[in-house]
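Visitor: this is a predicted model, with the sequence first.
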Amino acid sequence: MERKQPQSGKVRLTEVAQLAGVSPITASRFFRNPDALSAGKRERVENAAKELGYVPNLAARALASHRSEVIGVLIPSLTNNVFADMLRGVYDASEGSRYSIQLANTRYSNLQEETLLRIFHGQKPAGLIVTGIDQTPESRAVMRNMNCPIVQIMETGPDPIDMLVGFSHSDAAFAAVAHLLERGYTRIGFLGARMDPRGQRRFEGYRDALKRASLFDRRRVITTLMPSTVPLGGTLLSDLVAKAPDIDAVFCINDDIALGALFECQRRQIAVPEQLAIVGFNDLEFMASAVPSLTSVRTNRYEMGRKAIEMLTAAMNGTPPQQHVFDLGFEIMMRESSAPRRA
């Protein structure tokens with residue numbers, strides 16, 4: 001016999017409980033915290049909900065519990081592989097939990113970030129992951145009033161809103177340039193695109209390493225506010241060679257720029273690394289596959305995503321981690337493009 005649906009077409013939780021053979025309280029507990037039920041009861045309630053087409057009212061639940069079961073994630077780009085790797089960690093770590101992920105794209109705009117944070121504030125998220133540490137005073141005020149755990153990612157730095165997981169961009173860039181200096185390169189250029197706060201800190205690390213060696217030369221710096229692309233890397237290298245033809249190495253703000261610089265070297269028949277060494281940043285997959293293979297700074301983006309979810313989950317369950325700031329560090333992946341300079 002076909003089950004008769006209510007005239008309104010809306011299935012009630014009591015119907016799910018009746019079909020599953022459990023109390024309404026038990027059925028409600030399944031949708032709030034399925035791990036609190038035995039495997040048998042979980043299966044019965046889940047099957048009943050599917051059969052009846054029951055969808056829990058998340059808005060009503062948020063009002064009742066003072067928060068939703070959504071984790072908000074704010075990132076500056078949906079196409080950048082750097083953030084794609086981080087999101088893999090977020091989704092892998094949250095899989096099987098009762099929390100769903102809601103993405104928001106700030107498009108590198110502080111004003112857009114403020115707007116999105118206000119929207120999330122109204123939605124009462126269970127937790128929030130926000131990229132970077134350079135929010136406006138207005139955004140920081142909104143975040144401090146969110147009444148939920150927050151993890152800022154991709155960086156370390158002073159005065160986090162709540163929790164923080166990432167690494168030092170300036171230290172990583174300093175180490176990359178120090179690597180080139182150790183290999184015998186002394187006329188090291190810088191190619192930078194977009195120049196957002198993280199990019200600025202990479203430039204600071206580059207500059208500080210060369211100033212310490214008394215080798216910094218502003219003529220060897222080429223930057224643009226344009227978004228990073230591989231073709232742009234070639235253009236920036238062309239500009240650098242025209243401005244400072246004596247360069248023997250180049251530190252690139254990211255791997256797209258580094259790959260473009262390599263292609264431009266090949267077009268100009270500039271031997272890498274014999275005539276020009278190249279170092280990138282992030283260590284995307286193609287860096288090891290390039291010919292010659294490209295040295296880069298490896299950043300633990302996937303682990304950042306996983307760690308952020310672990311920290312949020314612990315805090316949302318009432319046991320926030322004792323360590324609120326995690327520095328996941330970096331590694332210089334030494335490859336052919338920065339082989340020791342020949343005398």
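Guide: All right, it came through fine. Residues are numbered from 1 along each chain as shown.
Visitor: and Leu210, helix, strand or coil?
Guide: When states are read from DSSP: H, G, I helix; E, B strand; the rest coil, the local structure at Leu210 comes out as helix.
Visitor: for it, which non-adjacent residue is spatially closest?
Guide: The shortest distance from Leu210 to any residue that is not its chain neighbour, by CB to CB, 6 or more residues apart in numbering, is 3.9 Å, and that residue is Phe216. Just so you know, the C-beta spots here come from the backbone N, C-alpha and C atoms, and that holds for glycine as well.
Visitor: that neighbour: what secondary structure?
Guide: If you use three-state DSSP, then Phe216 falls in the coil class.
Visitor: is it in contact with Arg207, as I believe?
Guide: Yes. Phe216 is within contact range of Arg207, at 5.7 Å (criterion: CB atoms under 8 Å).
Visitor: where along the stretch 151-300 of the chain do the helices fall?
Guide: Along the stretch 151-300 of the chain, the segments classed as helices by DSSP state H, counting those that start in this stretch run 169-182, 197-212, 230-243, 255-268, 286-289.
Visitor: for those helices, which one sits closest to Lys10?
Guide: Distances from Lys10 to each of these were compared using CB to CB; the shortest belongs to helix 197-212, at 47.7 Å.
Visitor: for the closest one, the averaged confidence score.
Guide: pLDDT averaged over helix 197-212 equals 98, rounded to a whole number.
Visitor: which secondary structure elements does it contact?
Guide: Packed against helix 197-212 by the contact rule (3 or more CB pairs under 8 Å, 6 or more residues apart in numbering; DSSP states H and E) you find helix 169-182, strand 188-192.
Visitor: flag every buried residue along that helix.
Guide: Residues of helix 197-212 classed as buried: Arg198, Gly199, Gln200, Arg201, Arg202, Phe203, Gly205, Tyr206, Arg207, Asp208, Ala209, Leu210 (neighbour count, 16 or more other CB atoms under 10 Å).
Visitor: may I ask which two of those are separated the most?
Guide: Greatest spatial distance among the buried residues of helix 197-212 (CB to CB): Arg198 and Leu210, at 19.5 Å.
Visitor: mind listing the strands for this protein?
Guide: Using DSSP state E, the strands of the chain run over residues 70-75, 100-105, 127-131, 150-153, 163-166, 188-192, 221-223, 249-252, 277-282, 295-299, 325-327, 330-333.
Visitor: each with direction, which strands does the third one pair with?
Guide: What it means is strand 127-131. Here strand 127-131 is paired, per DSSP bridges, with strand 70-75 (parallel), strand 150-153 (parallel).
Visitor: mean neighbour count added to those strands, as TSV?
Guide: TSV is the format used below for those (neighbours: other CB atoms under 10 Å):
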stretch	mean neighbour count
strand 70-75	24
strand 150-153	26
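Visitor: now the ones you listed in TSV, with mean pLDDT and distance to Arg194?
Guide: Putting these into TSV (pLDDT from 0 to 100; distance: least, CB to CB, whole Å) gives the following:
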stretch	mean pLDDT	distance to Arg194
strand 70-75	97	14
strand 150-153	98	18
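Visitor: which one, of these, ends up nearest to Thr224?
Guide: Closest of the strands paired with strand 127-131 to Thr224 is strand 70-75, at 22.2 Å (criterion: CB to CB).
Visitor: any idea how far that closest one is from the chain center?
Guide: Put simply, strand 70-75 sits 11 Å off its chain's centre (CA atoms, centre = their mean, to the nearest Å).
Visitor: what's the angle between it and strand 100-105?
Guide: Between the direction of strand 70-75 and that of strand 100-105, the angle (axes from the mean of the first three to the mean of the last three CA atoms, to 10 degrees) works out to 30 degrees.
Visitor: single out the most deeply packed of the helices and strands packed on helix 197-212.
Guide: With neighbours defined by mean count of other CB atoms under 10 Å, none of the helices and strands packed on helix 197-212 is more surrounded on average than strand 188-192, at a mean of 25.
Visitor: among the strands of the chain, which is the most enclosed?
Guide: strand 249-252 (a mean of 30).
Visitor: partner strands of that one, with direction?
Guide: Strands adjacent to strand 249-252 in the sheet, as given by DSSP bridges, are strand 188-192 (parallel), strand 277-282 (parallel).
Visitor: if we can go back for a sec, tell me, how many residues neighbour the residue nearest to Leu210?
Guide: In terms of burial, Phe216 registers 17 neighbours under the definition other CB atoms under 10 Å.
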